[in-house]
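[1] missing the sequence, but the structure's below:
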């Protein structure tokens, strides 16, 4: 592939260096690489504290080929607000892009995100959603799915794991008047890259929540990361969609598989199958997928036999 | 030319002339008049700045950090609970070496809720890495803002600073103040020249994490910068004096100390009351003086020891308390005078807006001379 300039070639930019400290099979690391392919060099990245921040910037080494700043766990959206205001004042053209985990986004950072979106800063906020606090050792967050066992929502003799449903962050941010909100998955890299490109070129605050399976936290083989992302989509437990000015415009259609195919492959859901099969719980999770399918209209209807 | 104006308005007028490019602030009593005035100045196009109406003080300082890292001169103001909410960002901004200037309209911290003055808020951030300058009156408040920007942005310093002035006592009080013209401020304070900035042309990583092999050296560097800030302040204060005729080339300032047996030590507006009380005590034949601390961070320990070398008794007026220990200023003054043989007594005074009169100052001096100290002064024992 011909080198255009620096780390950019015909297939996009490679601005996220190899040699960082992520686990083999890390979903967020792939998200970072794809993200920078989409942004190119003319971006300023704002990170929250978390796995990605730690594995990519152990002083004095950095994996980031674009300007990058990390301040605290919960303030990336506020830091980005200040950067955007500063760039505006200076007449500069860099795109401001937050990249933060689900704990930083769904839980501790909500105040700052809400303020930044309400004020309408021209920023893109990417949440890499691996569905728990992985950096501190797999504790539940507001993004952890129903029934998942984590170190703070463990399955036990009188518990079947996380009792709370995943918070609907895209709807919350759409309700702030965000012009563009989307979900994506690293299992569909081109789709993710295109959504990032659309977000950074849409004026105003945009939000993308990208599903980034975590082999360490979820308990699957490192080579299965993309397969796990695909299964989440194929079961309807994760839906890739776009909301433009609050209206869902496009959702990826699938021929749905039972959720069991996804759950049974992950250690975080093992208690639903062993030592005894928890049919009620599996049925409740299936109902979540069914509701997703209904809400977003993702089911590909089987053709009538007469057609 | 002297103009009669409210302290908060005087702060807004000088901040305007310091040309911040990004302002982020949140309302809180008794600081609010400053950011209201600045908002009006932006609305009237008197300041060419982005004004971010953040949703909390935590975000105010976070936004300032981001804007500063991106290459803009920034400003915020807060007090009390707002500063407490910024605690985490304060340590971060200093560690990331961002030259942010923030006004603190000093106020007590809850509980119980109190909007009135003491200095607990900024003093509680003494370990954060921020420079801390305390003003006696509104003229000094105005002048310290210009000096603060100059010191903070010095490439040998690169630290943030609090400019502290007592809430209500100064912030809401009308005094005659000389506000330098824009041309005069421009002549004193050059345009912001960031040492490093977030820039796509030169991609750098800011705020990385440090393993035990590197962390201590980062902290050492901040402490070294604090120490260097003493000379930088003296230089900036001298230059200020040369241009404006008001000299700030000292980290501490003595008042009638030359032949004093007993010295008061204080920070902020209480120094004015103390000076009047000292004049009366002097008239009555008492050899009393005052040492005013202008820079609590960096702490001028050697300067204090030198200034107090001739006295036998020291009474420190502490408008704060490190609960379970004592007043923060008293503790540090005692350390500065360790081994000198001088008797140092600490008085916790004026917490939560309790008024201090000249006769209270005289009473503290009497207590110190009797060897009674390290105590709260002015407690209403009837409500205990």
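    It's in. Fair warning: this is a prediction, and the values are worked out from it, not measured in the lab. Numbering: from 1, shown residues only, chains lettered A, B, ... in the order given.
[2] okay, now the closest residue to residue A:93 other than its chain neighbours: neighbour count?
    Sequence neighbours aside, residue A:42 is the residue nearest to residue A:93 in space, at 6.3 Å (criterion: Cβ to Cβ, 6 or more residues apart in numbering or on different chains). All C-beta spots, glycine's among them, are computed from the backbone N, C-alpha and C. Residue A:42 has 14 neighbours, counted by other Cβ atoms under 10 Å in any protein chain shown.
[3] right, and residue A:42 touches residue A:96 too?
    No. With contact defined as Cβ atoms under 8 Å, residue A:42 does not count as touching residue A:96 (10.8 Å).
[4] what's the pLDDT at residue A:304?
    As summarised for this prediction, residue A:304 has a pLDDT of 51.
[5] which secondary structure elements does the longest helix anywhere in chain B contact?
    When secondary structure is assigned using DSSP state H, the longest helix within chain B turns out to be helix B:215-244. Packed against helix B:215-244, as judged by 3 or more Cβ pairs under 8 Å, 6 or more residues apart in numbering or on different chains; DSSP states H and E, are the following elements: helix B:87-95, strand B:131-134, helix B:138-153, helix B:182-188, strand B:295-297.
[6] out of the ones you listed, which is the most enclosed?
    Neighbour counts (mean count of other Cβ atoms under 10 Å in any protein chain shown) averaged over each of the helices and strands packed on helix B:215-244 peak at strand B:131-134, with a mean of 27.
[7] identify, by residue count, the longest helix of chain A.
    Of all segments of type helix in chain A, defined using DSSP H, the longest is helix A:279-296.
[8] tell me the mean pLDDT for that helix?
    The average pLDDT for helix A:279-296 rounds to 98.
[9] may I see the buried residues of that helix?
    For helix A:279-296, a neighbour-count test (16 or more other Cβ atoms under 10 Å in any protein chain shown) marks A:281-282, A:285-286, A:288-289, A:292-293, A:296 as buried.
[10] I'd like these as CSV, with distance to residue B:66 appended.
    Rendered in CSV, the data for the buried residues of helix A:279-296 read as follows (distance: Cβ to Cβ, whole Å):
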residue, distance to residue B:66
A:281, 44
A:282, 45
A:285, 40
A:286, 44
A:288, 37
A:289, 39
A:292, 36
A:293, 40
A:296, 35
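[11] which SS class is the residue lying farthest from the centre of chain B?
    Going by Cα atoms, centre = their mean, the residue of chain B most distant from its centre is residue B:201, 37.2 Å out. Assigned by DSSP: H, G, I helix; E, B strand; the rest coil, the conformation of residue B:201 is coil.
[12] just the helices in the chain please.
    In the absence of a named chain, this looks at chain A. A:27-39, A:51-56, A:76-90, A:102, A:110-119, A:169-174, A:189-200, A:215-218, A:225-235, A:260-263, A:279-296.
[13] my bad, the chain I had in mind was chain B
    Shown for chain B, the helices assigned by DSSP H span residues B:7-17, B:32-43, B:57-69, B:80-85, B:87-95, B:120-123, B:138-153, B:182-188, B:215-244, B:270-283, B:301-307, B:328-336, B:358-369.
[14] so which of the ones you listed is the most surrounded?
    Of all the helices of chain B, helix B:57-69 has the most neighbours on average by mean count of other Cβ under 10 Å, namely a mean of 31.
[15] that helix vs helix A:76-90, what angle?
    40 degrees (axes from the mean of the first three to the mean of the last three Cα atoms, to 10 degrees).
[16] show me where pLDDT drops low in the chain?
    In the absence of a named chain, this looks at chain A. Residues of chain A that meet the criterion pLDDT under 70 lie in A:1-6, A:10-11, A:303-307.
[17] spatially central residue for it, please.
    With distances taken as Cα atoms, centre = their mean, chain A has residue A:210 as the residue nearest its mean C-alpha position (2.5 Å).
[18] contacting residues for that residue?
    Applying Cβ atoms under 8 Å, 6 or more residues apart in numbering or on different chains to residue A:210 gives the contacts A:31, A:126-129, A:183-186, A:192.
[19] buried set for stretch A:26-46?
    The neighbour-count check on stretch A:26-46 (16+ other Cβ under 10 Å) flags A:26-41, A:43-46 as buried.
[20] to clarify, my last question referred to stretch A:211-220.
    Using 16+ other Cβ under 10 Å, the residues of stretch A:211-220 that count as buried are A:211-218, A:220.
[21] and for stretch A:184-198?
    Across stretch A:184-198, burial judged by 16+ other Cβ under 10 Å covers A:184-189, A:191-193, A:195-198.
[22] separation between the residue lying closest to residue B:357 once chain neighbours are set aside and chain A?
    On the basis of Cβ to Cβ, 6+ apart, the spatially nearest residue to residue B:357 that is not a chain neighbour turns out to be residue B:273, at 7.2 Å. As for residue B:273, its distance to chain A is 39 Å (criterion: Cβ to the nearest Cβ, to the nearest Å).
[23] and residue B:51, by the same measure?
    9 Å.
[24] in contact with that residue, which residues are there?
    Neighbour list for residue B:51: B:23-24, B:38-39, B:42 [criterion: Cβ under 8 Å, 6+ apart].
[25] same check on residue B:345?
    Residues B:313-316, B:330, B:367-368, B:371-374 are the ones in contact with residue B:345 under the rule Cβ under 8 Å, 6+ apart.
[26] try it again with 10 Å
    Contacts here follow Cβ atoms under 10 Å, 6 or more residues apart in numbering or on different chains; on that basis residue B:345 touches B:262, B:313-316, B:330, B:334, B:364, B:367-375.
[27] the closest residue to it other than its chain neighbours: neighbour count?
    Closest residue to residue B:345 in three dimensions, ignoring its sequence neighbours and counting by Cβ to Cβ, 6+ apart: residue B:373, at 2.4 Å. For residue B:373, the count of nearby residues is 19 (other Cβ under 10 Å).
[28] these two touch, right, residue B:373 and residue B:346?
    Yes. In this structure, residue B:373 sits in contact with residue B:346. The criterion is Cβ atoms under 10 Å, and the distance is 6.1 Å.
[29] find the residues that touch each one of these two.
    With contacts taken as Cβ under 10 Å, 6+ apart, the residues that reach both residue B:373 and residue B:346 are B:314-316, B:330.
[30] same list (those) but as TSV, adding pLDDT and distance to residue B:116.
    Formatted as TSV, the shared contacts of residue B:373 and residue B:346 follow (pLDDT from 0 to 100; distance: Cβ to Cβ, whole Å):
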residue	pLDDT	distance to residue B:116
B:314	98	27
B:315	98	23
B:316	99	21
B:330	98	21
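[31] residue numbers of the stretch 201-350 of chain B in contact with chain A?
    Counting by Cβ under 10 Å from any Cβ of the partner chain, the residues of the stretch 201-350 of chain B lying close to chain A are B:201-211, B:213-215, B:218.
[32] thinking residue B:364 is in contact with residue B:357, fair?
    No. The pair residue B:364 / residue B:357 is not scored as a contact, 11.2 Å apart, by Cβ under 10 Å.
[33] mutual contacts of these two, please.
    Going by Cβ under 10 Å, 6+ apart, residues that sit against residue B:364 and also against residue B:357 are B:277, B:378.
[34] hmm, back to that, ok and the longest helix of chain A relative to helix A:225-235, angle-wise?
    80 degrees.
[35] check whether stretch A:16-35 comes near chain B.
    No. For stretch A:16-35, no contact with chain B is found by Cβ under 10 Å from any Cβ; the gap never falls below 10.5 Å.
[36] got a list of what the residue in the stretch 201-307 of chain A positioned nearest to chain B touches?
    When distances are taken as Cβ to the nearest Cβ, the stretch 201-307 of chain A approaches chain B most closely through residue A:205, which lies 13.4 Å from it. The contact partners of residue A:205, by Cβ under 10 Å, 6+ apart, come to A:77, A:80-81, A:84, A:96, A:98, A:113, A:116-125, A:173, A:176-181, A:199.
[37] do that again at 8 Å, thanks
    Each residue near residue A:205 by Cβ under 8 Å, 6+ apart is listed here: A:116-117, A:120-125, A:173, A:176, A:178-179.
[38] same check, this time on residue A:118
    Under the criterion of Cβ under 8 Å, 6+ apart, the contact partners of residue A:118 comprise A:176-177, B:55.
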